[in-house]
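Novice: Below are the sequence and a predicted model; questions follow.
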Amino acid sequence: MNKQHISLTLFFAGCVSGALYFSPFLQSPFLKLSQSIKLVYLNQIHSFNQTLTEHFNQKETIIRLQRENRYYERELLTMHQVADEYSNILREQNSSIKTLPSIELVRSISYVRMGDPHKLWIEMDHFDPKQVYGLLYRGYAAGIVVSNHNRPMALLNGDVKSTYAVSVGKSMAPGIVRGNNERKLVVDFIPTWVPISIGDEVTTSGLDQIFLSGLQVGKVISISRASGYQSAVVEPYFYAKKPAYFHIIAKVR
């Protein structure tokens, strides 16, 4: 019985195969189905290859644009110093133009302590433990870099020990900006005889040789007076972020 079933099955299979082989009418639907399956497969392979190619092209484009962005940030700082020196020439009549500040790209590694967003370990190729460096992010003053056990440590805006010289408003009122472990910054020791106003721009003065002059820090949001000086609370343009990269000013002039 089993042999008969097998024989019949083989017979019908042979008939179907022969009919498909010799009859174009019967071949047509099977060929269409087979072709559809192949097209779907090839389209999927093409789509995958195209996606893969676009991914690597996008990656290369992103890397190129990041490299160009770092270059243009350096060029922007150079142009800023040229403009600053030019202004000094007009005021003093006896200055010489000095350009090309030493700007380096540095990478952040980790927080110094968990729970403190204002201190970061950073990676620097050339670090002098005796020097204080200005820290920049996208052209904004972001804090300073100091030595901690001979390792470069970034004190971001907001840290109480992150201090540098600034100017306030069009009157160029001198002061020292500091953090207070909060979002807002404070500018202390502003002379009372120099007028300042809410909304004034706070910029680096460059008098401490840490930053170039004129780099943006933030805007004044309130003013108070005490002990013969004015103080201004500042909303900073940069605060306690952890970007992958910063720029440092290794040498102002």
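Specialist: Perfect, I can see it now.

Novice: Which residue ranges make up each domain of the protein?
Specialist: The record assigns the chain these domain ranges, following automatic domain parsing: 1-75, 102-251.

Novice: Worst mean pLDDT among those?
Specialist: Comparing mean pLDDT across the domains of the chain, the lowest value falls on domain 1-75: a mean of 58.

Novice: residues near residue 179, how many?
Specialist: 23 (other CB atoms under 10 Å). No exception for glycine: its C-beta is placed from N, CA and C like everyone else's.

Novice: My read is that it contacts residue 185, right?
Specialist: Yes - counting by CB atoms under 8 Å, residue 179 touches residue 185, with 5.9 Å between them.

Novice: Name the residues that touch stretch 114-126?
Specialist: 104, 106-113, 143, 145, 151-159, 162, 179, 181, 240, 242, 246, 248, 250 (CB atoms under 8 Å, 6 or more residues apart in numbering).

Novice: Between residue 179 and residue 185, which contacts overlap?
Specialist: Shared contacts of residue 179 and residue 185 (CB under 8 Å, 6+ apart): 157, 158.

Novice: check which helix or strand covers residue 120.
Specialist: strand 119-123 (DSSP states H and E).

Novice: Which parts of the stretch 101-250 of the chain are strands?
Specialist: 102-111, 119-123, 133-137, 140-148, 151-156, 164-168, 173-179, 185-191, 201-204, 216-226, 229-236, 245-251 (DSSP state E, counting those that start in this stretch).

Novice: nearest to residue 60, of the ones you listed?
Specialist: strand 245-251 (18.8 Å; CB to CB).

Novice: What are the buried residues along that closest one?
Specialist: Residues 246, 247, 248, 249, 250 are the ones in strand 245-251 that count as buried (16 or more other CB atoms under 10 Å).
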